[in-house]
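Peer 1: with the sequence up front, the predicted model follows.
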Amino acid sequence: MEVLYPRCAGLDVHNDVVLGCMRYASTPVQQQQVRGFRTTASGMLDLPEWLDSYSCTHVAMETTGDG
C-alpha cells in the first residue's frame, strides 16, 4: 500500500477530552502513538505541541455527541 501522508493524525473530539492518534512512517513499518488531551485551555495548548513533535502534516477530526 502506498503511504499518502507519512505523518498524520486523527482526533476524536468529546466534551471533556480529545483523543489523538498519531501515525508516522519512520521506517518501512507504520508506527502510532495515542494520547488524550483535556479540553481545558492548557490541554488544548498541549495538543498542537504534541502534533508538532512528530512533524504532523495532516489532521482529520471527528466530533462525537448530539448535534
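Peer 2: Everything's here; your move. Numbers count the residues shown, from 1 in each chain.

Peer 1: for Cys21, grab phi and psi.
Peer 2: Phi and psi for Cys21, reported as degrees, to the nearest 10, are phi -120, psi 110.

Peer 1: show me where the protein has its helices.
Peer 2: For the chain, helices defined by DSSP state H occupy the ranges 41-53.

Peer 1: got the contact list for Gln32?
Peer 2: Gln32 sits next to 21-24 when contact means CB atoms under 8 Å, 6 or more residues apart in numbering. All C-beta atoms are positioned from the backbone trio N, CA, C, and that covers glycine.

Peer 1: which residue, other than its chain neighbours, is closest to Met44?
Peer 2: Phe37 (6.8 Å; CB to CB, 6 or more residues apart in numbering).

Peer 1: actually Asp46, not the one I wrote
Peer 2: Closest residue in space to Asp46, ignoring its immediate chain neighbours: Phe37 at 5.7 Å, by CB to CB, 6+ apart.
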